[in-house]
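Novice: Following is a predicted model, sequence given first.
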Amino acid sequence: MILLPTPPDAAIARSFSRRLALFYGAVFACFGAHLPFFPLWLSASGLDAQGIGLALALPVAARLAAVPLVTRLADRRHALRGFIRALVVLTLVGMVLTGLAPGPVAIVAVFTVTAAAWGPVLPLTDAYALRGVRRHRIDYGPIRLWGSAAFVAGAVGAGFLSDAIAGRHLIWVIVAAALVGAGTSFLLEPVDDGSLATVPAPPAKLLWRLPALWLVAAAAALVQGSHAGYYSFSAVMWRAEGWSGTTISALWSAGVLAEIVLFALSPRLDLTPRVWLALGAAGALARWLVMTTQPPLSVIGVAQLLHALSFGATHLGTMGLMARLVPSGLTATAQGFLALLSGSAMALASVFAGLLYAPDGRWVYALMLAMAAAALTVLALGWRRLALAPD
C-alpha cells in the first residue's frame, strides 16, 4: 500500500520541490556558463596555454581536498542548508575577486580558493535533496531535470554573449549566474524538524561498515569517470573531422536533452535504483563501444542519446541507492566521499585519455569502454547484496 501525502503535506512537498528545482537550475546555469567560457576569459586575461592548464588543474585539486572535509562538517553541524548558502555566497565573492585579480598569478590563486568553496555546493545540494525526497516522499528526477535544462540554457546564453562582448568581460557573465545562485539559495526550505540539532552526528566510520554503499560508489565512479575522454576530446576529434561548431553543439545538446527526458519520465518507469545503475553502466558500455568504431555523424547522433543512460540512469540509480543505504545523519558525508571518488576517477581518466589521444583517438574510447565494463563487473559481483538495500 502506498501512503500518499495529505493535502497540506502535498502543498509543502510541492513548495520544497519548486524551490529546490529553482536552485538546481541556478547552480547548473552557472556551471553551463563557466565550463565552456572560463578558459576563453583566461586567455583574454593574458594567460598562456600552460597558465590556463594550471588555472584549471589547481582548482580541481582544491575541490577534491575540500569536498569531504566540508560535507562532513555540514553533517556534524546538522546544517546542510546553512552551509549551502554560505558556500554559494563565498563562491560569488570569489568570482568577483577573480574578475578583479590584477594578473595571471593572482587569477590562479584567487580562483583556486574560490573552487574550494564552489566544489562542495553540488554534493551538499544532492544530500539536501535526498533528505527532502525521503521526508516528503517525492520523486527526484523531475526536480533534477531543471539543473540539466539550465546547464544547456547557461551554455547557450553565455555563447550568444561571448559573440557580443569582449572576451575579457566573460567573467561577469559567470558572476551574474553566481549571483542568481546565491539569491535562490535563500529560498531553500528546512529539511529537518530541528530535533537533531543537539544529537551528535553518527561517526563517519559507520560508512565503512556498509559494503553495498562502496559497491555503488565504485560502480558510479567508474561509469561517470568513463565520460572523461568524451568531455575532454570529443569536440577536438569532431572538429578534426571538419564538423562545424553548430554541429558539435547540437551533438552535445542532444545528449543533455535525452537526459532531461529520462529525468522527466523516471517516476513512470518505476525501476529500482540498482536496475537504474545497471542500465547506466550498460548504456555507457554500448555508447563507448559504438564510438570506438569511428562511426559516421548520423550514428554518433544516435549514440549521443545514450547519454540519458550513461549519465542520467547512473545518477538516478546512485542517488536512489544512497537514499536507501546511508543513515540520515551521514548523507552529506557520503555524498562527499562519492564526489571525491568520482572526481578522482574523472581526473585520472582525463590524464590517461590525454596520453592515449596522441597516437590514435580511438584508444580514448577504448579506455572509456574498459571503465564501463569494469562498472558492470562490480555490479554483477554485488548484485545480490544491492538487492538487500531497504526500501
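Specialist: It's in. Numbering: from 1, shown residues only.
Novice: Skipping its backbone neighbours, what lies nearest residue 91 in space?
Specialist: residue 118 (4.4 Å; CB to CB, 6 or more residues apart in numbering). Glycine gets a C-beta too; all of them are placed from N, C-alpha and C.
Novice: didn't the one you found look like it was pressed against residue 92?
Specialist: No - counting by CB atoms under 8 Å, residue 92 is not a contact partner of residue 118; they are 9.7 Å apart.
Novice: These two - which one has more neighbours?
Specialist: Legend: neighbour count by other CB atoms under 10 Å for residue 118 and residue 92, higher for residue 118 (27 against 24).
Novice: which ones are touching that one?
Specialist: Shown in contact with residue 118 (CB atoms under 8 Å, 6 or more residues apart in numbering): 63, 87, 91, 94.
Novice: is it possible to export those to JSON lines including secondary structure and distance to residue 154?
Specialist: As requested, the contacts of residue 118 are exported to JSON lines (DSSP: H, G, I helix; E, B strand; the rest coil; distance: CB to CB, whole Å):
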{"residue": "63", "secondary structure": "helix", "distance to residue 154": "19"}
{"residue": "87", "secondary structure": "helix", "distance to residue 154": "19"}
{"residue": "91", "secondary structure": "helix", "distance to residue 154": "15"}
{"residue": "94", "secondary structure": "helix", "distance to residue 154": "18"}
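Novice: quick one: which of those is nearest to residue 160?
Specialist: Distance to residue 160 across the contacts of residue 118 (CB to CB) is lowest for residue 91, with 23.6 Å.
Novice: count of residues packed around that closest one?
Specialist: Neighbour count for residue 91, taken as other CB under 10 Å: 24.
Novice: again, but for residue 265
Specialist: Neighbourhood size, residue 265 [other CB under 10 Å]: 13.
Novice: which SSE is it in?
Specialist: According to DSSP states H and E, residue 265 maps onto helix 245-269.
Novice: My read is that residue 152 contacts residue 255, right?
Specialist: No - Residue 152 lies out of contact with residue 255 (CB under 8 Å); the separation is 10.0 Å.
Novice: Comparing the two, which residue is more hemmed in?
Specialist: With neighbours defined as other CB under 10 Å, residue 152 and residue 255 compare such that residue 255 has more, 24 against 19.
Novice: Skip the chain neighbours and tell me the closest residue to that one.
Specialist: Once flanking residues are discounted, residue 255 sits nearest to residue 307: 3.2 Å by CB to CB, 6+ apart.
Novice: what's the answer for residue 381, then?
Specialist: residue 215 (7.8 Å).
Novice: Same check on residue 224?
Specialist: Using CB to CB, 6+ apart, the closest residue to residue 224 is residue 342 (5.0 Å).
Novice: cool, residue 31 as well?
Specialist: Using CB to CB, 6+ apart, the closest residue to residue 31 is residue 151 (5.8 Å).
Novice: Regarding that neighbour, what is its secondary structure?
Specialist: Secondary structure, DSSP: H, G, I helix; E, B strand; the rest coil: residue 151 is helix.
Novice: who does the one helix or strand the residue nearest to residue 224 maps to touch, helix- and strand-wise?
Specialist: Residue 342 belongs to helix 331-357 when assigned by DSSP H and E. Counting contacts by 3 or more CB pairs under 8 Å, 6 or more residues apart in numbering; DSSP states H and E, helix 331-357 is packed against helix 49-76, helix 121-136, helix 211-225, helix 228-240, helix 314-325, helix 362-381.
Novice: Please report phi then psi for residue 305.
Specialist: phi -70, psi -20 (degrees, to the nearest 10).
Novice: For residue 247, see how far away it is.
Specialist: Using CB to CB, to the nearest Å, residue 305 is found at 16 Å from residue 247.
Novice: Now do the contacts for the residue nearest to residue 77 when sequence neighbours are not counted.
Specialist: Of all residues beyond its chain neighbours, the one nearest residue 77 is residue 83 (7.5 Å), with distances taken as CB to CB, 6+ apart. Neighbouring residues of residue 83 by CB under 8 Å, 6+ apart: 70, 73, 74, 77, 120, 124.
Novice: closest to residue 158 among those?
Specialist: For the contacts of residue 83, the minimum distance to residue 158 (CB to CB) is 23.6 Å, reached by residue 120.
Novice: Provide a list of residues in contact with the residue lying closest to that closest one once chain neighbours are set aside.
Specialist: Leaving aside its chain neighbours, residue 120 sits nearest to residue 70 (4.0 Å; criterion: CB to CB, 6+ apart). Taking CB under 8 Å, 6+ apart, we find residue 70 in contact with 83, 87, 119, 120, 124, 336.
Novice: Pretty sure the fifth one sits against residue 71.
Specialist: So that's residue 124. Yes - counting by CB under 8 Å, residue 124 does reach residue 71; the two are 6.1 Å apart.
Novice: overlap in contacts of those two?
Specialist: Taking CB under 8 Å, 6+ apart as the criterion, residue 124 and residue 71 both touch 332, 335.
Novice: Report the contact partners of residue 125.
Specialist: 23, 24, 27, 84.
Novice: Looking at these, spot the one nearest residue 231.
Specialist: Checking the contacts of residue 125 against residue 231 by CB to CB gives residue 27 as the nearest, at 18.3 Å.
Novice: which residue packs closest to the closest one, ignoring adjacent ones?
Specialist: Closest residue to residue 27 apart from its sequence neighbours, by CB to CB, 6+ apart: residue 181 at 5.2 Å.
Novice: what does residue 60 give?
Specialist: Setting aside the residues directly before and after it, residue 60 is nearest to residue 347 in space (CB to CB, 6+ apart), at 6.1 Å.
Novice: now residue 253
Specialist: Of all residues not flanking residue 253 in the chain, residue 152 sits nearest, at 6.0 Å (CB to CB, 6+ apart).
Novice: Pretty sure residue 99 sits against residue 171.
Specialist: Yes - Residue 99 lies in contact with residue 171 (CB under 8 Å); the separation is 4.0 Å.
Novice: if you count what's nearby, which of the two comes out ahead?
Specialist: Remark: of residue 99 and residue 171, residue 171 carries more neighbours, 26 against 19, as counted by other CB under 10 Å.
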